[in-house]
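>>> Pasting the sequence and the predicted coordinates here, then a few questions.
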Amino acid sequence: MTTGTTQDTDQGQIALICARHDNDPHRMLDILRDVQDRFRCISRATMQTVAEKTGLTEVAVEGVASFYAFLSLEPKGRVTIRLCDDIVDRFAGLVEVTEAFEAALGITVGQTSADGVFSLEYTPCIGMCDQAPAAMINDLVVTNLTPEKVREITAALKDGKRPEDLISDRFDDLSPHARATRMVDNNIRHAGAVLLGPVPADAGLQKALEQTPARIIEEIEASGLRGCGGAGFTTGMKWRFAAQAEADRKFIICNADEGEPGTFKDRVLLTERPHLLIEGMTIAARAVGAREGILYLRGEYVYLRPLIEEVLAERRAKGLLGKTIMGVEGFDFDIRLQMGAGAYICGEEGALISSCEGLPGEPKTRPPFPVTCGYLGFPTVVNNVETFCHAARILDCGAQWFFDMGTEGSHGTKLFSVSGDCINPGIYELSYGLSVRALLEMAGGEDAAAVLVGGPSGTMIARDTFDRKLTFDDLATGGAIVVFSAERNILEIVEYYMSFFVHESCGYCTPCRVGNVFLQKAVAKFRQGLANPADIAYLKDLSATIIETSRCGLGMTSPNPILSTLENFPLVYSAMVKPPKDRIRATFDIQSAISDARVLAKRRSSIYDKDFTK
Amino acid sequence: MSGFSFQIDGVEVTAKNGQTIMEAADEAGIYIPRLCDHEGLRHQGGCRVCTVKAGGRSVAACTQPAAPDLVVENETPHINKLRRDLVGMLFNEGNHLCPICEASGNCELQAMAYRLGMTEPTKFPYLEPCRPVDASHPDIALDNNRCISCGRCVRASQDVDGKGVFGYVGRGIHRHIAANGPNLRHTDAEVTDFAISAEVCPVGCIIRKREGFARPIGERDYDDHLIGYDIEKKRDE
């Protein structure tokens, strides 16, 4: 039978993919990504073959395949279009763009065309809020979409053109950097002294190699550098702990899983400062005594993969990675690129390590902390892209230079990703300590009614507090600043972000897995006008339980959109609640309450249906 | 092995180095409520019912190491409120109909609710999921509607039986326990496996066929005692 032979060859090809990754179960994500790219699906037969080759159980393979949004158990189209469904995209015309895609392709979101050519889906924030609406087409990105642009894109694709041809006629001749910047604008609006101004090549690494590892760590500690991914842990301390740990192997991991909705600063650093990033990782390796590194790139940024790979290859060729770096005997360090596959939770340190190990992106139990027991159980430093870039600059220009910028407790500069209702969305590199108002003035967002600082896991503030400062101690942020004008519906925004957290919770612990669904339903009641006065207390109460009992940072911050708007926009909620009248809940709807019973009983109600006799 | 002491609800407890708060408490005859943890299995820290305040910070007692002079709050009104919320979440996430469930009386979820004083519905909405039942195996059935995702069967099968019959698949609210393969019949599960035994599944999800109501209502595990009794009685001895 022909199908039999096809299957045999398919399984043969899958075995080859496994072999290419040494049949290593820790490379499961790479294996499944390759299978998905080649076959557009991970079938049960595939899972059996992969399990056999890697020595895992089939259900363990299924656990990974079913965890990541970019892997699918059902066949996807050869061209998979993922529309960014962020709230910023919605406000920028996503509905019209979606309708244009649906009309042109003859399918609705969530479907694959009958001929297997196109799939259309929604995906959470892809890091393009400054040029929304945006979408991924296979491994590429298209931005600033309009219905007209969608019609051009779909016509070309239906004509048999490759997605690459949409970017440029000469796509294959372009350098990876040129391809990336053709697809995505950097939108650098303000370049600061540390990262986006002029940066001499490898000057920090050169100076690091003239010092002892202990001295490098002292320098980083003295600079006051804190993690730029959002949590703000002191970088020098992290490096010191890892340096002190005794182990045969140590790892440096770069967290480029920038997933907080509204954040896109790492995208710009990866595009414009990739060498600085690798330089920073190499310095960290020198400081803690690591020989192996991993750069974890979020699946949404797969369009940057060729660029990063080129940079890694170039640095190996120049002796800046690999053995005897810069001629220093015994200093060996190399980096592998690990692609993610669509999971916000992988930005959490432990989940990111799990993902690098080929597991579902579930956070790890702490303690032990990664600095003593991280990747494969070895001491591991995980830092954000921006943090590594800062570290390289600190080694070049000195701790004091960095320390003198910013404010007490928040030193140096920070990249802010500004998007939403403002004239100049994009990247602003500014010293810590600026007020939100000052940033809004720079970005042309003075008309803002609400600003979300730090993304949905951060704080939503109102006009009366725009003088608050962007520092770790006041308004901490991994970089996201989302601006909303007075015409936006706060409850719509909150409901969107809660659905985001429901979608992105890993499901490991009860409060985050279940509690966030309850919160989302409760906010929906407010939006529908079905909330009672007691529901405001219910929101606060449930939020408190989720925050206090969740296992990782996702659940500890997911109620923030609700709590910060309850605090700063209380009228939005109180205007929607209906007090009881005549001791009956005003929001109780008898018709919807008995609708299921009508169906089950196969008859209408003698009391509540006036047409009962009919 | 060197040891140290710390406090749980004002009681001095001795711990060995490397012990978690729960392990030390168990030995001392202090019960910390838990659902996903089970003696002899790896700690998971997933259900969060064992949340305690240790040194002012809320942590899972099953995974948090005990430390010298640590002050732990276990059965305070605040902690019990958190636990009621978590148990309420587990009830409403699945389809738990105690009056018609074979596990009633032996069920740890039900017993935990009683221990925490939950005698009426909570404010939480019912998610009423529609989960398929896997009755493909000749001796075992799985009713995922009653599953609380504790994963005790996963660890028991992997670590004790050396098999890997179960695993977690999916993400978020859709994460669930699945058999290794299309269904349970395709696995090497046997009714004599530890993972299938009555003590591993805390609820009525794993069903041993032809064994229903072997012990009548009235003579079941929690008919006479609160859950945790077996640990607490150690203290009296």
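In hand now; what should we look at? Numbers count the residues shown, from 1 in each chain, chains lettered A, B, ... in the order given.

>>> ok, residue A:54 touching residue A:29?
No. Applying CB atoms under 8 Å as the test, residue A:54 and residue A:29 come out as separate, 11.7 Å apart. In short, each C-beta sits where N, CA and C put it, glycine included.

>>> more crowded one of the two?
Set side by side, residue A:54 and residue A:29 show more neighbours around residue A:29, with 30 against 21, by other CB atoms under 10 Å in any protein chain shown.

>>> dump the residue contacts of that one.
By CB atoms under 8 Å, 6 or more residues apart in numbering or on different chains, the contact set of residue A:29 is A:64, A:68, A:338-341, A:355-356, A:358.

>>> just checking, which of these belong to helices?
A:64, A:355-356 (DSSP state H).

>>> Specify which member of the residues you listed is nearest to chain B.
residue A:64 (9.1 Å; CB to the nearest CB).

>>> so the nearest residue to the closest one once chain neighbours are set aside, which of the three states?
In space, and not counting its chain neighbours, residue A:64 is closest to residue A:28: 5.1 Å by CB to CB, 6 or more residues apart in numbering or on different chains. Three-state assignment for residue A:28 (DSSP: H, G, I helix; E, B strand; the rest coil): helix.

>>> Name the residues of the stretch 501-614 of chain A found near chain B, please.
Contact residues (CB under 8 Å from any CB of the partner chain) of the stretch 501-614 of chain A with chain B: A:502-511, A:513-515, A:517-518, A:521, A:538, A:542, A:545, A:548-551.

>>> near chain A, which residues of chain B?
So chain B meets chain A at B:43, B:45-49, B:51, B:58, B:60, B:63, B:65, B:81-82, B:85-86, B:89-90, B:92-93, B:123-125, B:127, B:149, B:164, B:166-175, B:178-182 (CB under 8 Å from any CB).

>>> For PyMOL, what selects the buried ones among those residues?
Buried residues within the residues of chain B next to chain A, by 16 or more other CB atoms under 10 Å in any protein chain shown, are selected in PyMOL with:
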select buried, chain B and resi 43+45+46+47+48+49+51+58+60+63+65+82+85+86+89+90+92+93+124+149+164+166+167+168+169+170+171+172+173+175+178+179+180+181
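
>>> mind listing the helices for the stretch 501-614 of chain A?
With DSSP state H, counting those that start in this stretch, the ranges of helices along the stretch 501-614 of chain A come out as A:510, A:516-527, A:534-549, A:553-557, A:560-568, A:570-574, A:590-593, A:595-601.

>>> As CSV, these with mean neighbour count would be great.
Listed next are the helices of the stretch 501-614 of chain A as CSV, based on neighbours: other CB atoms under 10 Å in any protein chain shown:
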stretch, mean neighbour count
helix A:510, 29
helix A:516-527, 21
helix A:534-549, 19
helix A:553-557, 21
helix A:560-568, 21
helix A:570-574, 14
helix A:590-593, 10
helix A:595-601, 10
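
>>> Test my guess that residue A:32 contacts residue A:66.
No. Using CB under 8 Å, residue A:32 is not in contact with residue A:66; the gap is 10.3 Å.

>>> ok, now which ones touch residue A:533?
By CB under 8 Å, 6+ apart, the contact set of residue A:533 is A:577, A:579.

>>> ignore the last one, residue A:189
Residue A:189 makes contact with A:418, A:424, A:426-428, A:442-443 under the criterion CB under 8 Å, 6+ apart.

>>> Residue B:104 now?
Going by CB under 8 Å, 6+ apart, residue B:104 touches B:98, B:110, B:204, B:217, B:220.

>>> Then residue A:308?
A:270, A:274, A:295, A:297, A:337.

>>> now residue A:586
Residue A:586 neighbours (CB under 8 Å, 6+ apart): A:532, A:578-580.

>>> Flag whichever of those residues scores worst on pLDDT.
Looking at those, model confidence by pLDDT dips furthest at residue A:580: 80.

>>> just to revisit the earlier point, what about the residue nearest to residue A:64, neighbour count?
A count of neighbours around residue A:28, defined by other CB under 10 Å, yields 25.

>>> you'd agree it is up against residue A:54?
Yes. At 6.7 Å, residue A:28 counts as touching residue A:54 under the criterion of CB under 8 Å.

>>> Overlap of the contact sets of those two?
Common neighbours of residue A:28 and residue A:54 (criterion: CB under 8 Å, 6+ apart): residue A:61.

>>> which bits of chain A sit near chain B?
Taking CB under 8 Å from any CB as the contact definition, chain A meets chain B at A:44, A:57-60, A:62-63, A:66-67, A:343, A:360, A:365, A:367, A:502-511, A:513-515, A:517-518, A:521, A:538, A:542, A:545, A:548-551.

>>> So residue A:172: helix, strand or coil?
Using three-state DSSP, the structure places residue A:172 in helix.
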